[in-house]
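> From the sequence below, what's the structure:
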Amino acid sequence: MLKQLSVSVLSALLISTPLVHAATFNYQVKVKKTTAPRAVMKMPVLEGAGTKLVNDEIKAFKKSSYTSFQKTYGFSKHADYRFDYKILTNTKQYLALKVTSTVTAADAATTTKYFTIDKSRGQTMTLKYLFSKYSETNINKAIQKKAKNTTFKAMDDDTNFYMNKKNQLVVSFDEGTIAPYSVGSLTYTINVK
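Below you'll find the model as predicted:
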């Protein structure tokens with residue numbers, strides 16, 4: 001399965017001046033499927049500028065979560081593992097993926113990671129990159145305002161986020177991260193400027 005994702009940054013011409021800027025970043029998401037006893041894994045492999053970090057992190061996430069599943073459940077017939085992804089955003093500005101690892105035994109536990117590429121720059125959006133573009137203080141204050149009755153203090157390297165189709169920041173927390181497990185996962189949408 002191959003999905004062609006592409007973006008073109010238009011050339012800018014000024015009157016009586018030569019071409020100032022022209023760039024094209026093409027992105028492809030290929031699916032690497034793997035099956036094992038009680039396990040189905042669909043791992044996205046991205047191709048294009050700025051994708052090495054994302055691919056390395058996705059591969060490490062899959063390896064870590066599947067190893068944990070194997071250590072915990074071994075050859076039990078009462079547990080299943082699923083690794084999957086979904087394209088959340090594919091605009092001119094951003095490509096965002098949601099990657100999930102789900103273990104089902106007596107109940108299900110899902111761990112989610114989000115990955116965003118700024119297509120105009122061909123770069124993966126890390127927390128450092130995000131804060132270089134937008135005010136860290138303003139983002140944290142906006143989340144605190146929405147995340148009342150939780151333990152949220154500030155975004156850190158483990159905080160999941162992505163940019164949605166409206167170029168808004170979406171911050172997501174897995175179950176039990178900033179609130180009791182009974183609350184479930186929490187997601188907050190923040191307008192950034």
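
> mind checking pLDDT for the residue nearest the centre of the chain?
Centroid check for the chain by CA atoms, centre = their mean gives residue 114 as the closest residue, at 1.5 Å. Note on residue 114: pLDDT of 95.

> Could you do residue 178 as well?
So, for residue 178, pLDDT stands at 95.

> Just to check, it is in contact with residue 148?
No. Checked against CB atoms under 8 Å, the pair residue 178 and residue 148 is beyond contact range at 11.0 Å. Where C-beta positions appear, they are placed from N, C-alpha and C, glycine not excepted.

> count of residues packed around residue 49?
By other CB atoms under 10 Å, the residues close to residue 49 number 18.

> can you tell me the average pLDDT over the lengthiest helix in the chain?
Criterion DSSP state H: the longest helix present in the chain is helix 52-73. Here helix 52-73 scores 93 as its mean pLDDT.

> Walk me through the domains of this protein.
1-124, 126-193 (automatic domain parsing).

> Now the terminal residues of the shortest one, how far apart.
I take that to be domain 126-193. End-to-end distance of domain 126-193 (CA to CA, to the nearest Å): 17 Å.

> Report the distance from it to the chain centre.
13 Å (CA atoms, centre = their mean, to the nearest Å).

> Check which element follows whichever helix or strand residue 143 is part of along the chain.
Secondary structure from DSSP states H and E places residue 143 in helix 136-146. Heading C-terminal from helix 136-146, the first helix or strand you meet, by DSSP H and E, is strand 160-163.
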